[in-house]
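Asker: have a look at this fold, sequence not included:
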Ligand SMILES: Cc1cc2nc3c(=O)[nH]c(=O)nc-3n(C[C@H](O)[C@H](O)[C@H](O)COP(=O)(O)OP(=O)(O)OC[C@H]3O[C@@H](n4cnc5c(N)ncnc54)[C@H](O)[C@@H]3O)c2cc1C
């Protein structure tokens, strides 16, 4: 039976689902620091799909790739706790200010360096942008097919894969040759919880710089042990610097505004019979209803 | 001249509403930019669709007709669009923010190295000054979209790369016939020339498209319920009122998440955008993401037990009270007054 080499793309995002009052600054911009940083929800669904393949084909390996600040190593650790074998943190100032195109370029260059893979799985979209662009753009840059909105992987063979897709108004089953890129919907099964044994094992895993910082004299297991998370910079990949970061991003943010809704002169009425009868009469008289 | 091109989507042999909405927007942008409006239609048995498309003010319709191009599949549609755009060099390209457009758009933008803004809620033309370089860009497409979970609004531009690409959700732009007698020209593309054989490697084994259950988008009256409605049982009251007023039932995401009502009735940033004559919001607090989908309703009535619910600010009538008490009264007095 074949073993598959799977790359999962994941992103650490601010939890925009719970934006409290303190997260918005007076000028209408977002105070990112006030939001907890989490594993992008649909990327966890993607990880689950990868883990299911590994359950069925036990020799398979899962590498999580994330681009972000040093702190994003947190989600690689979360991935290890759930069953991922390896993690790469792509981190460099050169990537700052990337839009989706520059991000996918950096990710695609990194995947070319990893080289050997059968499938790339990622979430459909990240909740801080909701663009759903990075998956398809990475696939295009690698010249491989994409299957978006995956809800279930039905069958995997050496040559191809069958996937059930969830569309806006229906479902579709497609068959696609390997290698390919798959984006996973939130309607796919949720990710399994952390495994207690793996939690103990990987609790102290971190990037080399962090491990040295935390423990100057003695680093358990040595610096090249499984506890050292790979930290790659722009120098570790082959790429054209002009296509990275702000300079490599065709889209620019011109401005950001607070949302203001035009307040109306509202008429306030009570839930008394006369009031509601009066309102219904008005609506009928003005031909809005009836 | 660099024109505006709209990718028209086909679903079950029909052109999607979102495509007509984009053509309407594209027409007004083209008029403003004094350029032509083009449409691209890819699929099978495309004869006759020009009659539906030209009235929206389309000057050139490109068609790619081949049995293998229907239903939509990523690689051949991308290849066709990319190769056509390399020839025609549109300045602006628009697509629906649908299952199809969100699959195709990013792939095309990556192949052309151009920027794409997803889920725009407004598209305008404007200038931009790059202060540092003292450079002024004329007539850019200003792509306006909610960002950060809908908490802010961002204006995005693509100063240097073309086409400037944007996707827009269904219902966000208004559909407008430009001129019922407008005539454009049809250009039939030679599919073999545009799509290499190796693009047809993904097979569609099965496909089920459900008929749309509700027709919320075009309903003149919407009775929308939120978490405050309290139960699926109470939603029946809303259905009764909606049926009586010739309208449809809508919902907030919290009501959908609670299982009170089906997902396809969700209104808002991640649901449908509506602008009915009358919107009755029942037990909806009025978070930004909900308001984004209904704020343009002509008349808004809010029924809420909390007199300070945010939605009350944009409502024309605020009824302070419980959904369970108010709706039966509305039904009763509507009947009494229309007899
Ligand atoms: C990225 C993102 C996208 C989103 N997209 C959408 C979207 O598309 N659409 C959407 O709706 N939401 C969306 N949301 C969620 C949105 O932020 C709110 O959580 C949601 O709209 C709240 O729904 P609600 O008003 O029904 O519930 P609540 O906020 O819980 O409000 C319930 C209201 O009911 C009132 N009430 C309680 N009991 C009664 C009663 N008996 N009678 C009358 N009134 C009563 C309460 O006073 C309150 O005002 C999105 C959120 C995010 C982060």
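Answerer: Here it is on my side, so go on. No experiment lies behind these values; they were computed from the predicted model shown.
Asker: flag every residue of the stretch 51-200 of chain A that's near chain B.
Answerer: Residues of the stretch 51-200 of chain A found near chain B, taking Cβ under 8 Å from any Cβ of the partner chain as the criterion, are A:99-101, A:104, A:127-137, A:139-141, A:145-149, A:162, A:167-177. Any C-beta I mention is one placed from the backbone N, CA and C, and that applies to glycine too.
Asker: show me those residues that map onto strands.
Answerer: Mapping these onto strands (DSSP state E) picks out A:146-149, A:162, A:167, A:170-177.
Asker: quick check: PyMOL command selecting the buried ones in those.
Answerer: Selecting just the buried residues from those in PyMOL takes one command, with 16 or more other Cβ atoms under 10 Å in any protein chain shown as the test:
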select buried, chain A and resi 146+147+148+149+162+167+171+172+173+174+175+176
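Asker: and which of the ones in strands among the residues of the stretch 51-200 of chain A next to chain B is nearest residue B:12?
Answerer: When those are compared for distance to residue B:12 (Cβ to Cβ), residue A:170 comes out closest, at 9.3 Å.
Asker: pLDDT and distance to residue A:263 added to the ones in strands among the residues of the stretch 51-200 of chain A next to chain B, as a markdown table?
Answerer: What follows is those, written out as a markdown table (pLDDT from 0 to 100; distance: Cβ to Cβ, whole Å):
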| residue | pLDDT | distance to residue A:263 |
| --- | --- | --- |
| A:146 | 98 | 45 |
| A:147 | 98 | 46 |
| A:148 | 98 | 40 |
| A:149 | 98 | 39 |
| A:162 | 98 | 53 |
| A:167 | 93 | 39 |
| A:170 | 91 | 41 |
| A:171 | 95 | 43 |
| A:172 | 97 | 45 |
| A:173 | 98 | 50 |
| A:174 | 98 | 49 |
| A:175 | 98 | 54 |
| A:176 | 98 | 52 |
| A:177 | 98 | 57 |
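Asker: does residue B:94 touch residue B:172 like I think?
Answerer: No - here residue B:94 lies out of contact with residue B:172, judged by Cβ atoms under 8 Å, at a distance of 11.6 Å.
Asker: these two - which one has more neighbours?
Answerer: The residue with more neighbours, out of residue B:94 and residue B:172, is residue B:94; 30 against 23, by other Cβ atoms under 10 Å in any protein chain shown.
Asker: tell me the residues of chain B that contact the ligand?
Answerer: Among all residues of chain B, those adjacent to the ligand (criterion: Cβ under 6 Å from any ligand atom) are B:149-150, B:226-228, B:230, B:252-255, B:266-271, B:283-285, B:287, B:289-290, B:293, B:303-306, B:309, B:322-323.
Asker: so which of those belong to strands?
Answerer: Restricting these to those inside strands, with DSSP E as the criterion, leaves B:303-304.
Asker: just the buried members of the residues of chain B next to the ligand?
Answerer: Members of the residues of chain B next to the ligand that pass the buried threshold by neighbour count (16+ other Cβ under 10 Å) are listed as B:149-150, B:226-228, B:230, B:252-255, B:266-271, B:283-285, B:287, B:289-290, B:293, B:303-305, B:309, B:322-323.
Asker: just the ones in helices from those, please.
Answerer: Using DSSP state H to define helices, the subset of those located there is B:253-255, B:289-290, B:323.
Asker: lowest-confidence entry in these?
Answerer: Comparing pLDDT over these, the lowest score belongs to residue B:289 (91).
Asker: what's the separation between that residue and residue B:146?
Answerer: Using Cβ to Cβ, to the nearest Å, one obtains 8 Å as the distance from residue B:289 to residue B:146.
Asker: common neighbours of these two, please.
Answerer: With contacts defined as Cβ atoms under 8 Å, 6 or more residues apart in numbering or on different chains, the residues adjacent to both residue B:289 and residue B:146 are residue B:269.
Asker: adding distance to residue A:117 as columns, could you present the ones in strands among the residues of the stretch 51-200 of chain A next to chain B in a markdown table?
Answerer: Converted to a markdown table, those look like this (distance: Cβ to Cβ, whole Å):
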| residue | distance to residue A:117 |
| --- | --- |
| A:146 | 14 |
| A:147 | 15 |
| A:148 | 18 |
| A:149 | 21 |
| A:162 | 19 |
| A:167 | 27 |
| A:170 | 30 |
| A:171 | 27 |
| A:172 | 25 |
| A:173 | 24 |
| A:174 | 20 |
| A:175 | 19 |
| A:176 | 15 |
| A:177 | 14 |
